[in-house]
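# Need the 3D shape of this:
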Amino acid sequence: MEAAIVIMALLFFAFVALGVYATVKVAKAAKRGVDRTINQARRTVEDTTLRAKSYGQGGVAGELAQLRLSLRTSMRATQDALQAGVAEDASLKESLDLFRRLSAHGQELDEDLKRLEREPDRSRVAGQLGDLRKRTEQITQSADSLRWAARDRARKFAEDDLSSLSAQIDVEAGALRHWSAPAGQEPASGDFAWPDAGAAVPGAERGQVWPGDADAEAASGPRQDGQGAGAQGQQPPPAITPPDPRQAAYPWEKSPRPETTN
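Model prediction:
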């Protein structure tokens, strides 16, 4: 009895622990989904704001917004391209590691640009625009180089695979069109091949003809191997006497009655 109670208690605690674990996992997954949605919404708002500033404002503020927008667009496009390609091409892992190191410099530059947007001394910010523009171009060029190299690699592999596939399809198509029998191969059983006109018919030199062809038998003439003379010297078989129709008995006839003598 006590053992049964202990087993029931253990099962109860196991189910409770399993439920708590499942609840925690679901809560973490939901939290990650909410954070992802919030971050995406925040990035969308920031990109829209930067795009509006770069087109609507001039001077230092518009230049800073343009630099931030160019940096964020290039880095995000490169990140998406490398993460999508590394699942199919393992050699892109090294490129992805290099991009992570480049992302650290990009994030640092983005923070500097964001801080300078709130700087009240515009003349001092204008003096730093040359260095900021140079850093932005260097980072974006490196990111673009990684992205285009990954795309060119994927396109080259796709072209090579397509060329190989086309060659295999051409070979298979040629094999499917080669329906004629090879030279020297006999026709399949059951298929009769008619001889060409003027060709010697097998067995013609032995005087064989098609059954029922009276013209061919007459044209063949007498045989020269002595078989014709032997056939003429033989006596015809005796005639078979036809049976008496009165003695024929059929299963549906009644047996004849014996005649009675008086």
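
# Next, count neighbours for Asp131.
Using other Cβ atoms under 10 Å, the number of residues around Asp131 comes to 10. C-beta coordinates here come from the backbone N, C-alpha and C atoms, glycine included.

# any idea of the pLDDT on it?
With respect to pLDDT, Asp131 has a value of 92.

# Contact partners for it?
Listed by Cβ atoms under 8 Å, 6 or more residues apart in numbering, Asp131 has no contact partners.

# Domain-wise, how is the chain divided?
Taking automatic domain parsing as the domain assignment, the ranges for the chain are 1-56, 58-162.

# quick one, which of these is packed in tightest?
Each of those was scored by mean neighbour count; the highest is domain 58-162, a mean of 15, by mean count of other Cβ atoms under 10 Å.

# now the helices for the protein?
When secondary structure is read from DSSP state H, the chain shows helices at 2-56, 59-85, 92-117, 122-177, 214-220, 227-233.

# so for the last one, what's the average pLDDT?
This means helix 227-233. Helix 227-233 shows a mean pLDDT of 47.

# Same check on the first one?
When pLDDT is averaged over helix 2-56, the result is 81.

# Repeat that for the third one.
The pLDDT scores in helix 92-117 average 92.

# quick one, it and helix 2-56 angle?
For helix 92-117 against helix 2-56, the angle between stretch directions is 60 degrees (axes from the mean of the first three to the mean of the last three Cα atoms, to 10 degrees).

# before we move on, the earlier item: dump the domains of the chain to JSON lines, plus distance to Gly174.
Supplementary listing: the domains of the chain in JSON lines, determined by distance: least, Cβ to Cβ, whole Å:
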{"stretch": "domain 1-56", "distance to Gly174": "53"}
{"stretch": "domain 58-162", "distance to Gly174": "19"}
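
# what sits against Met75?
With the criterion set at Cβ under 8 Å, 6+ apart, Met75 makes contact with 102-103, 106, 139-140, 143.

# which pair in those spans the largest distance?
Taking Cβ to Cβ as the measure, the contacts of Met75 reach their widest spread between Ser103 and Thr140, a distance of 12.2 Å.

# Gln79 contacts Ser95, doesn't it?
No: with contact defined as Cβ atoms under 8 Å, Gln79 and Ser95 do not form a contacting pair (11.2 Å).

# which residue sits closest to Arg151, ignoring its sequence neighbours?
Among residues not flanking Arg151 along the chain, Ala81 sits closest, at 6.4 Å (Cβ to Cβ, 6 or more residues apart in numbering).
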